[in-house]
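A.B. asks: just coords:
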């Protein structure tokens, strides 16, 4: 969003509030499903008619899902095509069978699998009971007074009521309320309604009519009318869900829901996303850092972006995705009065910018604002042949001359034609890798009775409004036009939208209370089919004066955001009026913030093989990247009370710090595993009996790793485009066996989905044998490495042992990993943290790799001590990662020909001769000498750095000098008239 603060005090009080009156959950009963009269069957369905003409239909969708529908006498079942949340092809494509047995007093109905669903349908009156077929366990049931009913005005509210659940049954609701907020993950005892808003500021709901029960089933309501759920609410423990059309004229809602069998939550999410569509996997760059120009509304333009990104990278920070706010657009460049087209003033050469972006590993999102639609090429107002609604229905809507009706195929075709012709057509050569679809969520004042072009009333369309927009941009637009993966995100979401695009949670507050709401909302959104949670890092609205404090930035913008699916700092504060501190860019912040941001940037970017693999898993199975504890620990009560911590994939436990630091935060480390403190490698035995009291520190997110975890990593790079897949690193925590499937692809195209162009590599740890294995990749893709060097770090050993690779000789030991890498392989022991590192030579990926003890003792370490250049003091030099095979987290590139320097501080306890070895690359045709000084005294005025042939080819140059005995010695390399070589490291031996 790009305008004034709309939250206000009243909205601040509504955080986490239920979005509909609890009374809607159970309407006055006007009609109840009656007694049995007859039934008919086919291979997949049984249709039962009551004595009063009502009809109940049960249909198999595969072996583990059944669809339940009920209609009043004289009605016809809605066509499957009425709602598109279910993938249309699945109505026929999922198949399945039902076997119906008539036992006189009841029908017994079973799906085809032995572990499927069994339904008992009593006849007089017609009442449903659902069971796990294999175990016989009861899922849910109706009784004489609680069943399918129609009530309210004109009997238009249809309700399914089950008997009160047992005391140990818990309910988790997919999706969340406005602004991405959830007051808790466990909604037992609550009345919950996640529907489109009714007033202007009802932003960003995730409308997912799905809930999960700890008894091992889920229920998905196949309707876009408003739904309200009562999860054992009140003293009567009312358990029901009701669909309401708010007394609008025309078609009344019908009962239509899918009961999904598990019993595990992971299986429920897998089956739900099979039914409604797998989440669309973004390209790899989207899992890098996103930054916006929102804080710079008066200065950002094409030149500003290039300068800002370059400065950011030169300081060592990562950057991948450039998110345009208003300024790129033609017209005013403000929230209003600008439209989807590159400004000839602020963006005079978008094609030139795209050339630069491609060369520098930068991707871009372009924003579209609903309120400016009427300024875009070809807009036609009003109902068909126009693209909007009747003017009389829009009087209460802000910017009501610009309200697209996305249910109209012509409207969807129009907006895509603008996106295509103004930016996305590849023939233009313009930047555009994502679309930010802003403000489709503030149309609440449209009356429920308003007509849409698709024939539905607003009461039935509104919960699908986001879906239709994404359908137009995804299925009907991007999928037909472009080979690269789309990244589309709107403010708000509808169920099924995940197969086209994603969402973010709106203009949220910058408070710790909001942060807690967003953590839970992220988890509940993930349990509704949206695994790529996208939240304004640090909040949008700001604190006092629109600004946030240093501790708050460090805890949210840097720490938690870096360990959420999408890392996108963003806010509405302006540097024009409030100074540089209003910026979310780390280089504009304090030294402490910069240190934290770089730490978490390096953590996230090195973990990208792990992050991208769990993103692939989310796309394949619906399992969220950030997993609420209830997913992995469904049967444990602790999981339902610890919803401010989560699992990041299968192995990392994350507990964001939601205070300034220094307080004690209770962390649950589940029993059955040993957990390592990620930052200190201290072990803790998990227990369900008590929490671990953890004293927090500002800027240090609480992280634990499970024993047996294998975290695949790449070397740090400042863009996903620079990641070096020729080196794969494995972080392993001893104490249990473990495995992980590394998934890789080209990171850009749809080939992984269309033709299966990806590779899966199985990584295994056998704890008793201290053995790590890397299997051969299954499958391949464009750009897959032919060979790899492996760096295996084993945490938690008591002492080092000699190691070998693929049965070879005992590897030599070195003092540092850098020396082991440049020596072609070896081992390193960190006695303080108890980490044994094994570095291999480059090995063809067609060869499986085994790293294990050789049976020999750990050799004496040699090789001197390596000091990375990127950690040194720099002047006239910048950090870079564009050329692979450096040894640390980057290298240094001199930007000044004379007087620029790199200065290291080295340790030396005994005076004497030492060899100083510099690792470097020089793609030039001539020597680029540097002057080397020690403690300010020149010891070599022109050390040669001769050509190496390319910037990707590294060599060494060295000389011997005398170093004093001192705990702190400076070694400086200074340019003397020619730009220096790229410097990787200094080794003192």
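C.D. replies: Now that the structure is in, tell me what you want to look at. What you are looking at is a predicted structure, and each value in this text was computed from that prediction instead of being measured.

A.B. asks: number of nearby residues for residue 655?
C.D. replies: A count of nearby residues for residue 655, using other Cβ atoms under 10 Å, gives 23. Just so you know, the C-beta spots here come from the backbone N, C-alpha and C atoms, and that holds for glycine as well.

A.B. asks: just checking, it touches residue 644?
C.D. replies: Yes - if you go by Cβ atoms under 8 Å, residue 655 and residue 644 touch, sitting 6.7 Å apart.

A.B. asks: How much space separates the most centrally placed residue in the chain from residue 790?
C.D. replies: The centroid of the chain falls nearest to residue 565 when counting by Cα atoms, centre = their mean (2.2 Å). To residue 790, residue 565 is 28 Å away according to Cβ to Cβ, to the nearest Å.

A.B. asks: where do the helices sit along the stretch 451-600 of the chain?
C.D. replies: With helices called from DSSP state H, counting those that start in this stretch, the stretch 451-600 of the chain shows them at 458-461, 465-473, 479-481, 512-526, 550-552, 561-562, 575-578, 591-606.

A.B. asks: which ones are touching the residue nearest to residue 630 when sequence neighbours are not counted?
C.D. replies: Once flanking residues are discounted, residue 630 sits nearest to residue 639: 4.5 Å by Cβ to Cβ, 6 or more residues apart in numbering. Residues counted as contacts of residue 639 (Cβ atoms under 8 Å, 6 or more residues apart in numbering) are 628-630, 632-633, 670.

A.B. asks: buried set for stretch 815-833?
C.D. replies: Buried positions in stretch 815-833, judged by neighbour count with 16 or more other Cβ atoms under 10 Å: 815-822, 825-829.

A.B. asks: tally of neighbours for residue 922?
C.D. replies: 24.

A.B. asks: how far away is the residue lying closest to it once chain neighbours are set aside from residue 919?
C.D. replies: Using Cβ to Cβ, 6+ apart and skipping residues adjacent in sequence, the residue nearest residue 922 is residue 981, 4.0 Å away. Distance of residue 981 to residue 919, given as Cβ to Cβ: 10 Å.

A.B. asks: if we can go back for a sec, least reliable of the helices of the stretch 451-600 of the chain by average pLDDT, please.
C.D. replies: For those, mean pLDDT drops lowest on helix 479-481, to a mean of 87.

A.B. asks: Identify all contacting residues around that one.
C.D. replies: By Cβ under 8 Å, 6+ apart, helix 479-481 touches 420, 424-425, 486.

A.B. asks: ok so, going back, mean neighbour count and distance to residue 712 added to the helices of the stretch 451-600 of the chain, as a markdown table?
C.D. replies: Below are those laid out as a markdown table (neighbours: other Cβ atoms under 10 Å; distance: least, Cβ to Cβ, whole Å):
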| stretch | mean neighbour count | distance to residue 712 |
| --- | --- | --- |
| helix 458-461 | 25 | 45 |
| helix 465-473 | 26 | 32 |
| helix 479-481 | 12 | 30 |
| helix 512-526 | 25 | 22 |
| helix 550-552 | 18 | 32 |
| helix 561-562 | 25 | 18 |
| helix 575-578 | 14 | 39 |
| helix 591-606 | 20 | 10 |
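
A.B. asks: looking at those helices, which is closest to residue 114?
C.D. replies: helix 512-526 (30.5 Å; Cβ to Cβ).

A.B. asks: Which strands or helices does the closest one pack on?
C.D. replies: Judged by 3 or more Cβ pairs under 8 Å, 6 or more residues apart in numbering; DSSP states H and E, the packing partners of helix 512-526 are strand 206-207, strand 626-628, strand 646-648.

A.B. asks: how about the ones you listed, which one is nearest residue 434?
C.D. replies: Closest approach to residue 434 among the helices and strands packed on helix 512-526 (Cβ to Cβ): strand 206-207, 19.3 Å.
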